[in-house]
Structures are given as structure tokens and as C-alpha cells.
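S.K.: Quick one, structure for this:
(chains A and B)
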There are 2 protein chains.
Amino acid sequence: MAWIEHLKPVTQLDSPAAHKNPPQKPLNVAILGFGTVGSSVARILTEHPPSGLRLTQICNRGVKRKQVDWVPKNVRWTEDFQDVLKSDADIVVELIGGLEPAGEWVRSSLQSGKSVVTANKQLIARHGTELVRLARQHKAHIAFGASVAGGIPVISGLQEGLAGDELVQLCGILNGTCNYILTRIESAGVSFADALKEAQKLGFAEADPTEDVDGLDARAKLTILARTGLRVSVNPLDIPARSIRALEPVDFDYAKLLDCTIRQISRAEKTADRLFASVQPTLVHRDSPLAGVEGGQNLVMSTGKFGGETVFAGHGAGGNPTAVAVVSDLIAIQRSRQINGVALKENEDEVGGAGLPTNSPVSSDFTSRHYLRFTVKDEPGIIASLATIFCRSGINIDSVFQKPGYPKSRLPFVITLEPCPTSLLEESLKHIAQLEFMVQPCVSLPILD
Amino acid sequence: MAWIEHLKPVTQLDSPAAHKNPPQKPLNVAILGFGTVGSSVARILTEHPPSGLRLTQICNRGVKRKQVDWVPKNVRWTEDFQDVLKSDADIVVELIGGLEPAGEWVRSSLQSGKSVVTANKQLIARHGTELVRLARQHKAHIAFGASVAGGIPVISGLQEGLAGDELVQLCGILNGTCNYILTRIESAGVSFADALKEAQKLGFAEADPTEDVDGLDARAKLTILARTGLRVSVNPLDIPARSIRALEPVDFDYAKLLDCTIRQISRAEKTADRLFASVQPTLVHRDSPLAGVEGGQNLVMSTGKFGGETVFAGHGAGGNPTAVAVVSDLIAIQRSRQINGVALKENEDEVGGAGLPTNSPVSSDFTSRHYLRFTVKDEPGIIASLATIFCRSGINIDSVFQKPGYPKSRLPFVITLEPCPTSLLEESLKHIAQLEFMVQPCVSLPILD
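M.R.: Numbering: from 1, shown residues only, chains lettered A, B, ... in the order given. You can find the predicted model right below:
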């Protein structure tokens, strides 16, 4: 900002310099992976360079094809990670994603005393605790603010801004692809398959959308949030993830009758003896901030024992927002290094009083109201059959909805249930699946209250 | 959490201890002011003590009346600030509010090398830059996360999580009292006076509501946000603040016709040569996150050059949420002191590359669409008279609304204008105020796009 330079009253703060730290060599930054996020990081470091940080190296396969002219000439390009490892880089920014070779490269960077900033949610979800420990052993930093919800500063919010609270619950929309698809099914009344195709065409979904639509991406992020905010460490594979593939426009019509919409909700709740956690399509009330999340946006709500609910929302993905998170982490490392080379934000996990347990027991058996959409061959006595089965398990029906205009041979209708544990409901649904009038499996969604 | 203690894998992280800092004496914390927030802070420090922090002293007038039995016996109570100054307190938590004696006490604390955590928005808005400088001179910290939006970690979000972005705009609902009153006028159709009385009865508004309803409270908070997020320092008195007192239920009816509602909006926008800033009642679209803020909640939206919009929302006031912000600041100081005694988060203002200008020029002359509610004695030619005046200034009318059912002698109707600078509109409104059919002053509100 030119005018800030012009006013420059900061010079008053800079002198007398008696109490200032001596000027330090800037930290050298190497970027691994020059895709969308990598090039955005390079662009911010080039156009808007934070003081004390200097981009020195970029590593990518087929580097000749990748090389761009707007990066300063003294930045070295390489295809060989060993060049980075042997270089004078102080911080390695890992943006290649996936478990390997990213994991090996992050480990060898830390072992050689280089700090690491990563946006790799799968790596941090699976091996975060081990990598934090490794960083600590080698007096290096590892920061992963970009691994969850892109540009939304939720990791630092949980680590710093809400450090004084004891968080008990996290709930959010962590996958922009799912959110885009669901909002399109809702607003355009298209099928899941068509909404997915649209998302793929626009670049919001991968050719293989499994990670996103089946909840694996969100579950890795939820694992990281639970570790950071709830201080509970779990294996991401222990968190059940349910796909959004079964949803149809009719579900949004029925949800609307219930003053709700449907979102892919990731939630985790800490209790005395376990973590409740799941990723699944869920009915959320129209008035909830979760319902207002449109397109590729993300939102995280935390609930603290003292501070109540706090909401963080914004762009969960995209080159620039994710790059902001990466650069913010770089600045945080630079700031703590200004103070002392061994300052590790992630080393402070125990400061808040609670430890960092690993592989805690996980349950997805939330007690909640449920929405059940049945598709049946119409005949007398269907509701009675269902009611009998629910009654046997002590589950109470709350309401029944049947919109007109559907064929008798393939009739969708909805039952909502009073709160019950999901496990109890699943037992009943097994029996129901065997009833002859069932044309396709019941779509069962929790209702978030 | 009992089970975390039980699992305690954190011991693996604690040993081998070779690379750990040596154990340090906990920091002693003194609280000035044992009201709602002060006692919440004491309760968190007592019930959920963060490691490395110890409550040692509480200072309040009429201390005998205030003393409670749930505070540990070794905490000393005093009515005399000099006792605190002479004590072994490492951090002074200032919760008495107002400019004096709070200012003097904060200054002498810093001068004696004690760090300060404060929730005092007026003090930080007016003297924040000076106090940060004073803290730096004496190798102490000053943290003020609780001064804006209570429990919402927006100060740390701007300082840390979004450090990698260049923020250009902030916009938010920063005063819970106004928001409560406005949402009550909207939902219950009561008058401003009745909504205010209600808020006072429920403890959401002071006996003298001026600070809140006339925007002075929000303007102090906006000053702090602008300094922290936009890195522009202004005098809060330079930010125009407009009251919500003139609003009537009919304004919400008309706003609804425009798919809008009305909120007290604080906004600041950085341009090449000045800061645009204002606090005023504003029309916001139903779909905006700002419209969804109910009751005493707060919300802040930041817009960054790279990361786009980010939203922070939650409880903006109240003992416990504000206390969470105070304790989070205490933990931040404790963490950086673990590293090095001279680590000052607020000293890092220049790290991001931009300086900390003081007393930058402020303008409230936003260009926006406007909502004008006229109350007139009905007669032919009113719209023509108004249109002529607007036309003379080159202001275009966008729409005219007149709901039926009002008396001819006191007829409210609404005109919306195409975007124009507020200053231009105000010129026209001066002429319009002199027209004979005007029964009361025009209520003019910007429409946020």
C-alpha cells in the first residue's frame, strides 16, 4: 500500500532500536508442487512478500513445462526433491498431496532440520501426531493450517483464539464439492449424476469423485479438527463416512416441508469416554448457519464449555484461499523464529492442560431425530408394517409426509422419527429392507437439532 | 477430561526431555475488576487452569462485598491498585473499562514490566498504538482479543490466520445490544423505545444506552479491527456513527419488500489514500450472513485480496465468552514467554510488510444504493418534487414503494436510489428537509450490496 509506506509512522516504532532483536537473515522457502496452490503461494510471496521470507526454490515433475517467467530469476527450479533436501531452504512447503512420496519428503525435510508447511490433509490426518513429534525432535516446525477449510483460519482459531475455552463439539461443512453438488440438486432439481457431471465440467470435482462424495476428504479434515480443537486423536479410518450418492431431488422437496435442507455434515463430539464422530448427509434447519453455506464454501462451528458457539466460514478451497493459509503459516513460523528457533506452535498441545491422546475410541452412534425416505410399491398397510417394526425397538414415529404426483409402483414418502440412537435405527432398517414392498433401500439421514 | 488423563500418551511426547525447555515458574495473574467478566475469568482459571498460569490477586472496590468462596484461599483480595503494582503479578487483567483510571493503571503496569490483557475497547481504540509501544519499550505484552466481539476469535484470526492475505475490507455486526433491539423491532413489531426497555429489563442494554444505540461502542471496536486487520490506524472520533433510534417497525416492513433486513453495520474499506469507515443502520440482503445474526450475536466479515471473504461469528458479549478471549490471550502470552520473554504478538505489526500508520484520513462517503423512508402529509406532486431535487444532483431513483393502510396526514413511503456517494445524497436531503409536506426527517439508510 503506497500510502502506508508514505505515512510510515512505523519508523517511530522502529527507533530507538535498543530493544529490538538484531536483524536476521530471511528464511528461505522451497515449494514442492507447482499446481494451483503452489503457483498461488509463489505469486503471493513474489507480489506481496512478507518480511523475513524469501522464495528460493520450486520443485515439480516436468519442471520445464511448469516454469513461469513472473517468478524472480534467482528462484531455482528442480525436478529432484534431493536438490531441495540438500539446499539452504529453511522451510519446505509440501503441496503435492497424497500419502507418498509426500510423507517421505516431509519426514526427510524435518529430519534435516527444515520446517514444513503442508496443505496435505490425508498425511496430517493419518500421521500428524508422529510428524509433530518428529518436528519437535529436530527443532523444526510443522504447520498445517491449509489442510482444513483452505483460507478459513479455523486451525489457528482453535489453537489460539479459543485456547482459553474447553471445546466439546465441532460441526461443519468441510467439502466444497459435496456442497456444490447438494446445492445444485436443491436449486436446479437435477439428479446427483447430473450435478456431479456439472461440477466436474466446472473443475469443482475430480474425474474420480470418490474422495469427495463418499466423505473420505471430509473425514480426514474432521480428524485434524478433532485433534486440534477437541484434543482427541483418532484414526480417520475409524470415522464412518457415508456417501451423498443416494440423494435425489425429492429428498430436498421433503426436507423443505420440514423447514430443512440437506448438507454433508462432519461432526465430532467429545464425551467422558469416547469421541462421537461421523461424516454424512444430514438435514439441517433453514435457520442454521450450515443451511446458508452455498456452492463451494465451507463452514465450521465449534461449541465451547464457556464461550458457546463460534462460527468460521469462507472459501474452503481454491488456489488463492489455500495459499493464504500456507503463507499465514509461513509468517507464523517466521515470527516464532524471530523469537527463538525452537518455537513450535504444535508443540504447545499440552499447554491447554489436556494431552494429545492417540487412537481414542470412536463411535458414530449419535442420538438424533431421523429422516427416512422410503420408495415403495404402494399397497395397503405399509405404514402399519413399518410402525410395527419401529415399535418393537421402542422407536417413535414423529411425522409422515407423502407428496402427490408419483407413480404407485415407485412411490417415495417420508417418515421422521423422534430422537433415537442411530444403531437402534439401523437394526430396524435391516428388517425393513426385507419387506416386499421396498423398491429401493431406505435413504436414512439424521436431522441436526 | 478424565479419560485424556487416563490415556496420557502425551507422556511419550514429554520424554525424552532433552529438547524441552526447562520447567518455568507459572506466571502470576492479577485481575482488576471483579464484575461479570472478571468473575468468569477467575472461574475458568480456577476450574480449568491452563498450565503455566496462576491466579494470585483480585482487585476491586468494596472488595469485602465482592469476595467469593470458590476462589482458592491463596488468592489475595485488595481494593488498592498499588497493591497489585507492588505485587509479584506477571500479568494484569484489566476489566474495569473506561478511559480512566483504567488507562493510568494499564500504563503503570506496563511501565513496571507487567504484561496486560484487557477487554477495554475504548482504551485500545483511543490509545492502542501508544500502549503497544509502551509495552514494547518495557519488554512486556499487551493483548486485547477480548476488546472486540467477545468470545469470537477475530483479533487472532486477523493477526495470525489471515496474516498471509492483504485485507482490504471489514464489515460486521459489533454491538449485540443494537442487534437485539433491531431483531426485536423486526420480529415483534414493537417500537424502538419498547424494544430498548425490553433489552434493559433483560440486562442486554445499560440504563444509559447511548454508547450502544448511537454506535460509539461499535465504532471503538471498528477502530481496533481496522488497525489489526487493515493495518490502518485512525482516531475513533473520526469515524461517523449514526444512531438506530430513528428506526420504526415500518422500516422493517419496507426492507422486507426489498428482500432485506436492517442491522447496525460497522464497515471499513482501505483504498489507496484513505480509510472509508462508518457505523450506521444499514439494509442488508436476506441472503447475507449479516441478516442471519440474531439477538445479541456478533459477526465479522473480512475481505482479502487473495482469500476473499471470511466470516467469524458467535457470542459477542457476556461474561463467559469474553472471559474465554481473556484466557486465550493469557495463554498466548504464556506460550510466547515459554519461548522468550520479549515475544510480543502486537510487536509484529510490521512483519506482514505493512506499517502501522497513525491518524490516517477517514471518510464515510461510501458510494452505495440508498433506502429513504419519507413521512409526509399527502398531497399531489410529492414524488415529482423529490425527483426534481434528486435529478439536479444527478441521483437516479431506482424504485418507489408505498404500503397501504397509513393515514394521509402521516404517510410513510420509501424511495430507493441507484448507487451514489452519501455526501451527494446528504446535500439533496438538506433541500428536501425544507419541503412543506415533510412531517418528520427522512430516514436514510445505505443498502449493502
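
S.K.: only C-alpha atoms for contact and neighbour calcs from this point on.
M.R.: Will do.

S.K.: So the closest residue to chain B within the stretch 101-250 of chain A, which state does it fall into?
M.R.: Relative to chain B, the nearest point of the stretch 101-250 of chain A is A:Gly164 (4.1 Å; CA to the nearest CA). Under DSSP: H, G, I helix; E, B strand; the rest coil, A:Gly164 falls in the coil class.

S.K.: now do A:Arg126
M.R.: Put simply, A:Arg126 is helix when judged by three-state DSSP.

S.K.: I'd guessed it sits against A:Arg227; true?
M.R.: No. With contact defined as CA atoms under 8 Å, A:Arg126 does not reach A:Arg227; the gap is 11.2 Å.

S.K.: Return the residues in contact with the residue of the stretch 101-250 of chain A closest to chain B.
M.R.: Shown in contact with A:Gly164 (CA atoms under 8 Å, 6 or more residues apart in numbering or on different chains): A:Gly352, B:Pro50, B:Val324, B:Ala325, B:Val326, B:Val327, B:Ser328, B:Asp329, B:Ile331.

S.K.: Check pLDDT for the residues you listed and point me to the minimum.
M.R.: Lowest pLDDT of those: A:Gly352, 32.

S.K.: returning to what we had before: can you tell me the closest non-neighbouring residue to the residue of the stretch 101-250 of chain A closest to chain B?
M.R.: Nearest residue to A:Gly164, sequence neighbours excluded (CA to CA, 6 or more residues apart in numbering or on different chains): B:Ser328, at 4.1 Å.

S.K.: and the helix or strand hosting the one you found, how far from the chain's centre?
M.R.: B:Ser328 is part of helix B:319-339 when elements are defined by DSSP states H and E. Counting by CA atoms, centre = their mean, to the nearest Å, helix B:319-339 is centred 19 Å from the centre of its parent chain.

S.K.: And stretch A:404-414, by the same measure?
M.R.: Averaging C-alpha positions (CA atoms, centre = their mean) puts stretch A:404-414 37 Å from its chain's average.

S.K.: average pLDDT for it?
M.R.: 94.

S.K.: Likewise for stretch A:128-142?
M.R.: Average pLDDT, stretch A:128-142: 94.

S.K.: Give me the buried positions along that stretch.
M.R.: Across stretch A:128-142, burial judged by 16 or more other CA atoms under 10 Å in any protein chain shown covers A:128-129, A:131-142.

S.K.: ok, now stretch A:236-251?
M.R.: By neighbour count on 16+ other CA under 10 Å, the buried set for stretch A:236-251 is A:236, A:238-245, A:247-251.

S.K.: Likewise for stretch A:278-294?
M.R.: Within stretch A:278-294, the residues that count as buried by 16+ other CA under 10 Å are A:278-286, A:289-293.

S.K.: Repeat that for stretch A:188-206.
M.R.: A:189-192, A:195-200, A:204-206.

S.K.: same deal with stretch A:69-77?
M.R.: In terms of neighbour count (16+ other CA under 10 Å), stretch A:69-77 has its buried residues at A:Val71, A:Trp77.

S.K.: Can you measure across that stretch, start residue to end residue?
M.R.: By CA to CA, to the nearest Å, the extent of stretch A:69-77 from end to end equals 12 Å.

S.K.: Show me what that stretch is in contact with.
M.R.: For stretch A:69-77, contacts defined as CA under 8 Å, 6+ apart pick out A:Ala42, A:Arg43, A:Thr46, A:Leu55, A:Thr56, A:Gln57, A:Ile58, A:Cys59, A:Asn60, A:Val63, A:Gln67.

S.K.: And the next helix or strand past the helix or strand of chain A with the lowest mean pLDDT?
M.R.: For chain A, counting by mean pLDDT, DSSP states H and E, helix A:10-14 ranks last in confidence among helices and strands (a mean of 28). The helix or strand immediately downstream of helix A:10-14 is strand A:27-32, counting by DSSP H and E.

S.K.: any weak-confidence spans in chain A?
M.R.: Residue ranges of chain A with pLDDT under 70: A:1-23, A:337-359.

S.K.: Repeat the analysis, applying 80 as the threshold.
M.R.: The model of chain A has pLDDT under 80 over residues A:1-24, A:337-360.

S.K.: out of everything not next to it in sequence, what's closest to A:Val414?
M.R.: What sits nearest to A:Val414 in space, not counting adjacent residues and going by CA to CA, 6+ apart, is A:Arg373, at 4.5 Å.

S.K.: which residues touch A:Gly35?
M.R.: A:Gly35 is in contact with A:Leu95, counting by CA under 8 Å, 6+ apart.

S.K.: Sitting in helices, which of the buried residues of stretch A:128-142 do you find?
M.R.: Using DSSP state H, the subset of the buried residues of stretch A:128-142 located in helices is A:Gly128, A:Thr129, A:Leu131, A:Val132, A:Arg133, A:Leu134, A:Ala135, A:Arg136, A:Gln137.

S.K.: Make TSV from these and add distance to chain B to it.
M.R.: Output for these, formatted as TSV (distance: CA to the nearest CA, whole Å):
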residue	distance to chain B
A:Gly128	13
A:Thr129	10
A:Leu131	12
A:Val132	9
A:Arg133	7
A:Leu134	10
A:Ala135	11
A:Arg136	8
A:Gln137	7
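
S.K.: Which member of these is positioned nearest B:Val300?
M.R.: Taking CA to CA as the measure, B:Val300 sits nearest to A:Gly128 out of those, at 31.0 Å.

S.K.: Pretty sure A:Thr322 sits against A:Gly150.
M.R.: Yes. Counting by CA under 8 Å, A:Gly150 is a contact partner of A:Thr322 at 4.2 Å.

S.K.: intersection of neighbour lists for the two?
M.R.: With CA under 8 Å, 6+ apart as the test, A:Thr322 and A:Gly150 both reach A:Gly316.

S.K.: Write the ChimeraX selection for whichever of the contacts of stretch A:69-77 are buried.
M.R.: In ChimeraX syntax, the buried subset of these is picked out as below (16+ other CA under 10 Å):
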select /A:42,43,55,56,57,58,59,60,63
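
S.K.: ok, so of the contacts of stretch A:69-77, who is nearest chain B?
M.R.: Of the contacts of stretch A:69-77, the one sitting nearest to chain B (CA to the nearest CA) turns out to be A:Arg43, at 10.1 Å.

S.K.: Thanks a lot, see you next time.
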